[in-house]
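J.: What follows is a protein structure lacking sequence information:
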């Protein structure tokens, strides 16, 4: 896959230009008149399905549609070997249900997500299309809400229906439990991202684990039993700046390990896992896996060490 996506035909250039202008009617009319390309997912194996969810972590059920074979290939690569050409009318006739969303060119900088019945309404001016930057922001917010709710339910050992899902839309504030939390609170209040990361990198964090770690001092030299949330969609490793923070979501007896944040970076499993610091709290931070590894590289490039200076502790 090439790094930069470029429109492959005149229709795509028109869609991009219309999105940049916020011309929703024009976008919808193009979708209703131009050929559409649908990946053939029927013969995909379980591994390809998992890889697809990593590449396109969409929180809802979506039908993937592309405006050119080239864009389809750019996004999906070798995950899909075949596709078919269709029209909006044919797509609408075969639509699987009202709970499915249409995803046009997902994975590109100019993706569009909307209900299938929203396209003709948009074309007639009955609905409007959000500006592109706001669409991207809302997509990011929805992914964060999805991740936050998963942390609340999975760490607590409950099902999604057992907890108030509306709580995932808000961030909790609380009194700092240690010096690191005081620093993170101050940096968050000042909107100082550099200060936040500086404090985090020099501190230690509580990492939920899938099993007890008998000898925490040896954990960085072995495989940490990471507690990974949303393994099938947006694999996320939650960490906390205090035991108190984790105890707000998980039972106090749940397994965990305390290590320096530098050690966490040194042992990060791969770019496929995202990091979430203090999920659901006012000091929440979400970093994609490549950004986590990039932070580790930046520290090493500056000539600093990823070794911690404190003695790790584990519970229980």
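T.: Received it, and whenever you're ready, just let me know what you need. All values reported here derive from a predicted model rather than from experimental measurement.
J.: those helices in the stretch 151-300 of the chain, which residues are they?
T.: Counting by DSSP state H, counting those that start in this stretch, one finds helices in the stretch 151-300 of the chain at the ranges 179-189, 193-201, 243-247, 261-266, 289-301.
J.: Tell me what angle the last one forms with helix 193-201.
T.: With axes from the mean of the first three to the mean of the last three Cα atoms, to 10 degrees as the basis, helix 289-301 and helix 193-201 are set at 80 degrees to each other.
J.: Give the buried residues for helix 289-301.
T.: Using 16 or more other Cβ atoms under 10 Å as the burial criterion, the residues of helix 289-301 that qualify are 289, 292, 293, 295, 296, 299. To be clear about C-beta, it is placed using only N, CA and C from the backbone, and glycine gets the same treatment.
J.: What of stretch 29-40?
T.: Residues of stretch 29-40 classed as buried: 29, 30, 31, 32, 34, 36, 37, 38, 39 (neighbour count, 16+ other Cβ under 10 Å).
J.: Name the surrounding residues that touch that stretch.
T.: 11, 14-15, 18, 63-69, 71-72, 76, 80-89, 91, 104, 112, 119-120, 123 (Cβ atoms under 8 Å, 6 or more residues apart in numbering).
J.: Give me the buried subset of those.
T.: Among the contacts of stretch 29-40, those classed as buried by 16+ other Cβ under 10 Å are 11, 14-15, 18, 63-68, 71-72, 76, 80, 83, 86, 88, 91, 104, 112, 119-120, 123.
J.: Kindly check the end-to-end length of stretch 108-127 for me.
T.: 23 Å (Cα to Cα, to the nearest Å).
J.: quick check: mean pLDDT across that stretch?
T.: Looking at stretch 108-127 alone, the average pLDDT works out to 87.
J.: roughly how far out does it sit from the chain middle?
T.: 23 Å (Cα atoms, centre = their mean, to the nearest Å).
J.: and if you look at stretch 266-281?
T.: On Cα atoms, centre = their mean, the centre of stretch 266-281 falls 11 Å from the chain's centre.
J.: In that stretch, which residues are buried?
T.: Going by neighbour count (16+ other Cβ under 10 Å), the buried part of stretch 266-281 is 266, 267, 268, 273, 274, 275, 276, 277, 278, 279, 280, 281.
J.: before we move on, what about stretch 146-162?
T.: Of all the residues in stretch 146-162, those buried under the rule 16+ other Cβ under 10 Å are 146, 147, 148, 149, 150, 151, 152, 153, 154, 155.
J.: for stretch 189-206, same thing?
T.: Of the residues in stretch 189-206, 196, 197, 199, 200, 201, 203, 204, 205, 206 count as buried by neighbour count, 16+ other Cβ under 10 Å.
J.: list the contacts for residue 15?
T.: Counting by Cβ under 8 Å, 6+ apart, residue 15 touches 7, 27, 30, 31, 67, 105, 110.
J.: Ok, residue 84 next?
T.: 37, 38, 40.
J.: want to try TSV for the buried residues of stretch 146-162, with pLDDT as columns?
T.: As requested, the buried residues of stretch 146-162 are exported to TSV (pLDDT from 0 to 100):
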residue	pLDDT
146	77
147	80
148	82
149	82
150	84
151	84
152	81
153	84
154	87
155	87
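J.: The residue lying farthest from the centre of the chain and residue 32: what is the separation?
T.: Residue farthest from the centre of the chain, counting by Cα atoms, centre = their mean, is residue 124 at 33.3 Å. Using Cβ to Cβ, to the nearest Å, residue 124 is found at 11 Å from residue 32.
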